[in-house]
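A.B. asks: Sequence and predicted model, in that order:
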Amino acid sequence: MQTKVITHDHRKIHKEIYGEKPGPVQILRMPQLKYVVQEMNTAYHMDWAGRPEPVDQQWIVWKIVNQLKHITKTSADYKFKLMPHEIIWHEMTGNLARTTQVMQVPDCITDEMFEEAQRKVAKSLKEEIPETKLITAKSVLCAQKLHVGHYRETKATLLEVNQFAEDQGYQVRGSHREIYLTPAMRCHDPSTWKTIVSVELE
């Protein structure tokens, strides 16, 4: 009799990050996590339901992670739910944003699995795909808060997070991250959209 493979939900495994509830700013330590990432320099559609959408570049990260989901199920007996889209916002030049697209993946993902997923995506699109990487991000201290409402309005939440960190004696390091918990293109009222706003601390 074949054993049923459990579906792992990393939102629940890392609920201290992805299960943030409405409330004050939190200081927490992000564990070491593995991600698929893609660097971009593009404008964004800021009314795409659930998350910003790149204007002139494909969001390849999601396609690769979706392939990894199938690969791990067959080769590693590991099923997992897709994680939320994340964007690290670095800087704006005019209407162009330099960003890093991010999706968290299980630790069992190997370089070989990642390369296989890249090949499958390139074959399905019948073209060379933009550069993506599989990285392991080290554990870092961060401050974060759940923003409820349209993600266009996260600036006030970011200012609150930064101010709280400074009041607690921390320095904010680098760019800020937004984790878009509301599934893209779902017909939710924008006033209910949930976005985690996070910064690294030192």
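C.D. replies: Thanks, I have the structure now.
A.B. asks: can you tell me which residues contact the spatially most central residue of the chain?
C.D. replies: By Cα atoms, centre = their mean, the mean C-alpha position of the chain lies nearest to residue 86, the distance being 2.4 Å. Residue 86 makes contact with 101-104, 177-180, according to Cβ atoms under 8 Å, 6 or more residues apart in numbering. To be clear about C-beta, it is placed using only N, CA and C from the backbone, and glycine gets the same treatment.
A.B. asks: mind redoing it with 7 Å?
C.D. replies: Contacts were defined as Cβ atoms under 7 Å, 6 or more residues apart in numbering; by that measure residue 86 touches 102-103, 177-179.
A.B. asks: what about this structure, any weak spots by pLDDT?
C.D. replies: 1-5, 187 (pLDDT under 70).
A.B. asks: Just the helices from the protein, written as ranges.
C.D. replies: 10-13, 15-18, 60-75, 111-125, 155-167 (DSSP state H).
A.B. asks: Most tightly packed of the ones you listed?
C.D. replies: Stretch with highest mean neighbour count among the helices of the chain: helix 60-75 (a mean of 18; mean count of other Cβ atoms under 10 Å).
A.B. asks: and that helix, how far out from the chain's middle?
C.D. replies: Centroid displacement of helix 60-75 relative to its chain, using Cα atoms, centre = their mean, to the nearest Å, is 15 Å.
A.B. asks: That helix - contacts with which helices or strands?
C.D. replies: strand 33-42, strand 79-80, strand 96-105, helix 111-125 (3 or more Cβ pairs under 7 Å, 6 or more residues apart in numbering; DSSP states H and E).
A.B. asks: ok, 10 Å please
C.D. replies: Contacts defined by 3 or more Cβ pairs under 10 Å, 6 or more residues apart in numbering; DSSP states H and E place helix 60-75 against strand 33-42, strand 79-80, strand 85-93, strand 96-105, helix 111-125, strand 133-137.
A.B. asks: Can you list the strands that the shortest one pairs with?
C.D. replies: For strand 79-80, sheet partners with direction are given as strand 7-8 (parallel), following DSSP bridges.
A.B. asks: For residue 116, which non-adjacent residue is spatially closest?
C.D. replies: residue 71 (6.0 Å; Cβ to Cβ, 6 or more residues apart in numbering).
A.B. asks: try residue 21
C.D. replies: Nearest one to residue 21, counting by Cβ to Cβ, 6+ apart, is residue 146 at 6.5 Å.
A.B. asks: picking that back up, most widely separated two among the contacts of residue 86?
C.D. replies: 103 and 178 (13.2 Å; Cβ to Cβ).
A.B. asks: Bridging across strands, which residues link to the residue nearest to residue 21?
C.D. replies: residue 196.
A.B. asks: residues touching it, list them.
C.D. replies: 19-23, 25-26, 157, 179, 181, 194-197 (Cβ atoms under 10 Å, 6 or more residues apart in numbering).
A.B. asks: roughly how far apart are it and residue 22?
C.D. replies: 6 Å (Cβ to Cβ, to the nearest Å).
A.B. asks: what sits in contact with each of the two?
C.D. replies: With Cβ under 10 Å, 6+ apart, residue 146 and residue 22 have common neighbours residue 194.
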